[in-house]
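S.K.: This is a predicted model, with the sequence first.
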Amino acid sequence: LGLANTYLYVPFEATDYLAQKKLKFQLGPKRAGEAPYTDSGRALRTAPGEMATIYLYIDQCSRGTGPLIEEFPKLNAKRCGEMLDRLFENADRSRMRSALDKSVRVEHKSGWIDDMQADAGIVRSPGGDFVIATYLYRATKPGVPLADKVFAPYLGAFTRLVYTYYNPVPISAP
């Protein structure tokens, strides 16, 4: 799909099992992109822009078009629609969803590692749908996690800012 910084060489969260069993698997580069570097693994990695592209591709696929349909002939609009429905079921309301009304449909996947909070997905709104991928990085000491309750709401605040671009809030004159 032309996504240079996105790869998944092992099933999610399987690296400990594979290491324990001493099974060999492919790894990506130790460092990728420009500093600052996160504590991401070498078997699973992506970048915000590429996550946004993947969501765009899934949305196009759900309409029966786009690179996913072209690259994977067994994939179809129904299956991509099922992907979006699954992403809609994400129960995490602390990141992207935190500043949006509960009635707004958001198809997203949140994530975090010690030094980063992230959320990416599609926001369906009356004024227009949009794809957003936000990663919030903060340098930390190794093993000291980024506090969810402090930093995760910034992801929601940024999503709300974009939402109001598509759905302006009228300001009444004094």
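M.R.: Happy to help now that I have it. Numbering: from 1, shown residues only.

S.K.: And the residue most central in space within the chain, which helix or strand is it part of?
M.R.: Of all residues in the chain, the one closest to the mean position by CA atoms, centre = their mean is A120, 2.8 Å from it. Assigned by DSSP states H and E, A120 belongs to strand 116-124.

S.K.: Show me which helix or strand of this structure is least confident by mean pLDDT.
M.R.: When each helix and strand of the chain is scored by mean pLDDT, DSSP states H and E, helix 15-20 comes last, with a mean of 74.

S.K.: Could you check how far it is from the centre of its chain?
M.R.: Centre-to-centre, helix 15-20 and its host chain are 25 Å apart (CA atoms, centre = their mean, to the nearest Å).

S.K.: before we move on, back to that, the strand holding A120 pairs with which strands?
M.R.: strand 105-113 (antiparallel), strand 130-137 (antiparallel) (DSSP bridges).

S.K.: Now do the first one: everything it contacts.
M.R.: The contact list for strand 105-113, computed with CB atoms under 8 Å, 6 or more residues apart in numbering, reads 38-40, 55, 84-85, 87-88, 90, 92, 94-97, 100, 118-124, 145-146, 148, 152, 155. Every residue, glycine included, has its C-beta placed from N, CA and C.

S.K.: And it, what's buried?
M.R.: Going by neighbour count (16 or more other CB atoms under 10 Å), the buried part of strand 105-113 is 106-113.

S.K.: now do stretch 28-46
M.R.: Buried residues in stretch 28-46, defined by neighbour count with 16+ other CB under 10 Å: 28, 38, 40, 42-46.

S.K.: Could you pull up the mean pLDDT of the top helix by length along the chain?
M.R.: The single longest helix within the chain, with elements called by DSSP state H, is helix 148-166. Regarding helix 148-166, the rounded mean pLDDT is 86.

S.K.: Extract the residue ranges of this protein that are flagged as low pLDDT.
M.R.: 12-15, 36-37, 39, 139-150, 173 (pLDDT under 70).

S.K.: one more time with 50
M.R.: Along the chain, segments meeting pLDDT under 50 are nowhere present.

S.K.: you'd agree Y57 is up against E70?
M.R.: No: counting by CB atoms under 8 Å, Y57 does not reach E70; the two are 10.0 Å apart.
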